[in-house]
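> how would this look folded up:
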Amino acid sequence: MKVFIAGNYAELSAKAADDLIQLMKINDHPVVCTASGDSPAGMYKLLVEKFERKELDVSNWQILGLDEWVGLNGDTEGSCRYHLNNQLFNPLQLTSEQIVFFDGKAADLQQECEAVETFIQQQGGIDVAILGLGLNGHIGMNEPGTSAASRSHVITLDPITQKTGQKYFKERQELTHGITLGIASLMDAKQIMLLVSGAKKAAIVKQLLEEEISEKIPGTLLRNHPGLTVYLDKEAASLLAN
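Model (predicted):
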C-alpha cells in the first residue's frame, strides 16, 4: 500500500490524474472502473483538460461504472451515470461501446449484475479501479457488513448513505437500494486508486488506515490489495498518527 498526502485538493487531483494516465498505458485496451462523487471530480476535470489540449488519447479506453442508485440511470439528473456523463464521458467524447454501466431502472437487476461480471471476465479484468470512501467506510455501495467475497450485487443502503446521497439531487429522492461492483470484484483489479478529500472524511480515513481490517469498515479490506494507492489531501489526513 502506498499513501500519498497532498498539500491540497488540487495537488491530490493532479497526482491522481498523472498516475492514472500512466497506468492506462499497460495494455492496448485498458479497463478503468470509475466512481462518481466529490473526491475524483478534480481528477476528471484535469483529464478532460488534457484531452481538450490533445495531450490525452482515450480512444482505446474501456470504462466500467462502479455503482448506481436503484431506480435511477443516466436519464435521471443527479444519478451516478448522470454525473459521470457530464464530468467525464461526454467531454472525453467516449462512444457508447466504450462504456459499461449499471442501469438502476432495469427490470432485471440480477441480469445487470451478471452482465457486468461477464464484461469484466471477457476483458481480462479491471486494470484500474478508481474509488472514493463513504463516511461510514463504504466503497462503491458496499456498505458496512458486506462480504469480502461479494461480486456485483444489489444492496440495501445504510441510512448514512441514504442521507448523504441527497446532496447530488435538486429534489429529494428515495435512495433505498444500490447496485454495485462487489468487494471481490474490486479486489481483483490490477491497481486500485482510493481518493479521499476534505476534513469531513478525516475520522473515517483514520479508521481506514489505522484500525483492524474488517468487513465492518469495507474500505479497510483494500489494505490487502498489493496495488493500492491512497490519495489524501491534508485535511483528510489531519487525524492520522505521524
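> Restricting to C-alpha, output the helix or strand of the chain with the lowest mean pLDDT in CSV.
The helix or strand of the chain with the poorest confidence is helix 159-164; it has a mean of 93 (mean pLDDT, DSSP states H and E). Output of helix 159-164 as CSV, limited to C-alpha atoms (Å, rounded to 0.1, in the frame of the first residue of the first chain):
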residue,chain,number,x,y,z
PRO,A,159,-29.1,5.3,6.5
ILE,A,160,-25.9,7.4,6.3
THR,A,161,-25.6,6.7,2.6
GLN,A,162,-29.3,7.5,2.0
LYS,A,163,-28.9,10.8,3.8
THR,A,164,-25.6,11.9,2.2
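> Which secondary structure elements does the helix or strand just after it sit against?
Sequence order places strand 177-180 as the next helix or strand after helix 159-164, per DSSP states H and E. Counting by 3 or more Cβ pairs under 8 Å, 6 or more residues apart in numbering; DSSP states H and E, the packing neighbours recorded for strand 177-180 are strand 67-69, helix 109-122, strand 153-156. For the C-beta atoms, the positions are set from N, CA and C on the backbone; glycine is no exception.
> buried residues in strand 177-180?
Neighbour-count burial for strand 177-180, with 16 or more other Cβ atoms under 10 Å as criterion, is recorded at 177-180.
> so which of those residues would you say is closest to residue 3?
residue 180 (24.7 Å; Cβ to Cβ).
> So what sits opposite that closest one in the bridge?
Here residue 180 shows beta-bridge partners residue 67, residue 153, assigned using DSSP bridges.
> doesn't residue 142 make contact with it?
Yes. Using Cβ atoms under 8 Å, residue 180 is in contact with residue 142, at 6.0 Å.
> Now do the shared contacts for the two.
The overlap between the contact sets of residue 180 and residue 142 (Cβ atoms under 8 Å, 6 or more residues apart in numbering) consists of residue 155.
> quick one: which of the helices and strands packed on strand 177-180 is nearest residue 29?
Between residue 29 and the helices and strands packed on strand 177-180, the shortest gap by Cβ to Cβ is with helix 109-122, which sits at 10.9 Å.
> What is the closest one packed up against?
Checked by 3+ Cβ pairs under 8 Å, 6+ apart, helix 109-122 has strand 62-65, strand 99-100, strand 153-156, strand 177-180 packed alongside it.
> hmm, 6 Å instead?
Counting by 3 or more Cβ pairs under 6 Å, 6 or more residues apart in numbering; DSSP states H and E, no packing neighbours are recorded for helix 109-122 among the helices and strands.
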